[in-house]
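Trainee: Pasted the sequence and its predicted model underneath.
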Amino acid sequence: MEYIRVNKDNLENEHICCAISNNNDIQVSSKKNWLSERFNDGLIFLKSVERGKCFIEYIPAEKAWVPIDARNYMYIDCLWVSGSFKGHGYSNDLLNECIEDSKKLKRDGLCILSSAKKRGFLADPKFLKYKGFEVADEADNGIQLWYLPLKKDGKKPSFKECAKHPKIKDKGIVVYYTNQCPFTAKYVPVIEKIAKDKGVKFKAIHINDLKSAQSAPTPVTNYAIFRDGEYVTNEIQSDKKFLKLIGE
C-alpha cells in the first residue's frame, strides 16, 4: 500500500477518507478547514492512496484538542482502518509511520483515547495492547488514555482534572463538539432540530479553539453528549439514535 501525506498544498484535492465522496459536502469542508488550521501546529494526516477509510491523524500533544497533560508526547487524533482495508496490516503501517515521526521529533511517546472494551469512535484496545500500549489514566466515564513510551525516562501522560470527572451543571441535553470529526457538521444540526421539535431542552457547545478544547469537561472533545449534567456517550447521534436516547 502507498500512502499520501496530506498538507496545505494538496488538501483541497485529496479525499479525506471519511465515507463522504462529495468534496463540497459541509462535512468535508468543515473537516478540511479544521485540518488546514492544525497543519501549522504540526498535525500529520497520512492516508492510503486508494479512496476509503484508511488513515491516521496525529499532532504534538501540546497542541491536541483534548484535556490531557502529555508534554513531549505525540497524540493520535484518529487511526481508522475499515471495510476492505482490514486484515492487511495497514494499521501497523500507519502506526509505524507515527512512531518514526515521533522518534525523529524526539517525543517521549504516543498517546490515544480508548476504553477497556471497544467503543464507537475510539481506538480498539485489543490492537493497542498488542502494539505495546498501556493505560495511563482513566476518567469516571470509562474513557481511558493509553500510551506507548518511546523513552525510559518519559513522564506518563494523564487527563487534566476537568476531564477526569465528566459532569456539568446544565440541565437537558448538552452536546460538546468540534470540527475534527466531519460528521458533527451534519448531525449536530439534525439532533438540534429534533430536540426543538420535541420540546427537549438542548444546547450545542461548539469548541472552536485550543484553550476551550483543553479545558473541556470531557476526555472526548470531538463529540460528547450530557443529559441533566451526566455524561451519556461520545457516539455521534443520527436522528434514529437521538430519538431513542430521548425516549421517542
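Mentor: Sure thing, it's come through. Numbers count the residues shown, from 1 in each chain.
Trainee: how about the helices in this structure?
Mentor: For the chain, the helices defined by DSSP state H occupy 26-38, 90-104, 125-130, 161-164, 184-198, 210-214, 239-245.
Trainee: surely residue 210 meets residue 61?
Mentor: No. Contact criterion Cβ atoms under 8 Å: residue 210 and residue 61 do not qualify, at 11.8 Å. Placement of C-beta: from N, CA and C, glycine included.
Trainee: of those two, who's got more company?
Mentor: Neighbour comparison, residue 210 and residue 61: the larger count goes to residue 61, with 23 against 15 (by other Cβ atoms under 10 Å).
Trainee: which residues does the more buried one contact?
Mentor: 68, 70, 71, 72, 73, 74, 75, 111, 157 (Cβ atoms under 8 Å, 6 or more residues apart in numbering).
Trainee: how far away is it from residue 158?
Mentor: Distance, residue 61 to residue 158, by Cβ to Cβ, to the nearest Å: 11 Å.
Trainee: for residue 13, same thing?
Mentor: From residue 13 to residue 158 the distance is 39 Å (Cβ to Cβ).
Trainee: The two - which one has more neighbours?
Mentor: Remark: of residue 13 and residue 158, residue 158 carries more neighbours, 17 against 8, as counted by other Cβ under 10 Å.
Trainee: List the beta-bridge partners for the closest residue to that one other than its chain neighbours.
Mentor: Distances taken as Cβ to Cβ, 6 or more residues apart in numbering place residue 137 nearest to residue 158, at 4.4 Å, with adjacent residues excluded. Assessed by DSSP bridges, residue 137 has beta-bridge partners residue 145.
Trainee: my read: residue 137 touches residue 163, true?
Mentor: No. Residue 137 is beyond contact range of residue 163, at 9.1 Å (criterion: Cβ under 8 Å).
Trainee: So which of those two has more stuff around it?
Mentor: Neighbour count, other Cβ under 10 Å: between residue 137 and residue 163, residue 163 has more, with 25 against 21.
Trainee: State the pLDDT value of the more buried one.
Mentor: Predicted confidence (pLDDT) for residue 163: 97.
Trainee: For it, which residues are in contact?
Mentor: By Cβ under 8 Å, 6+ apart, the contact set of residue 163 is 66, 67, 68, 139, 216, 217, 218, 219.
Trainee: what sits in contact with each of residue 61 and residue 158?
Mentor: Joint contacts of residue 61 and residue 158 (Cβ under 8 Å, 6+ apart) are 68, 70.
Trainee: if you take the average position of this structure, which residue is closest to it?
Mentor: residue 77 (4.6 Å; Cα atoms, centre = their mean).
Trainee: What is the burial count for the closest residue in space to that one that isn't next to it in sequence?
Mentor: Spatial nearest neighbour of residue 77, excluding adjacent residues (Cβ to Cβ, 6+ apart): residue 57 at 4.2 Å. The number of residues packed near residue 57 is 23, by other Cβ under 10 Å.
Trainee: Make 422 the starting number, not 1.
Mentor: Got it, the first residue is 422 from now on, which makes the last one we talked about residue 478.
Trainee: one step back: identify, from the contacts of residue 482, the entry nearest to residue 448.
Mentor: For the contacts of residue 482, the minimum distance to residue 448 (Cβ to Cβ) is 22.8 Å, reached by residue 496.
Trainee: I'd like the distance between residue 526 and residue 478.
Mentor: 16 Å.
Trainee: Just the pLDDT at the nearest residue to residue 651 once chain neighbours are set aside, thanks.
Mentor: Excluding the flanking residues, the one nearest residue 651 by Cβ to Cβ, 6+ apart is residue 588, at 6.6 Å. Per-residue confidence (pLDDT) for residue 588: 96.
Trainee: ditto for residue 434
Mentor: Note for residue 434: predicted pLDDT of 88.
Trainee: Distance check, it against residue 481.
Mentor: 26 Å.
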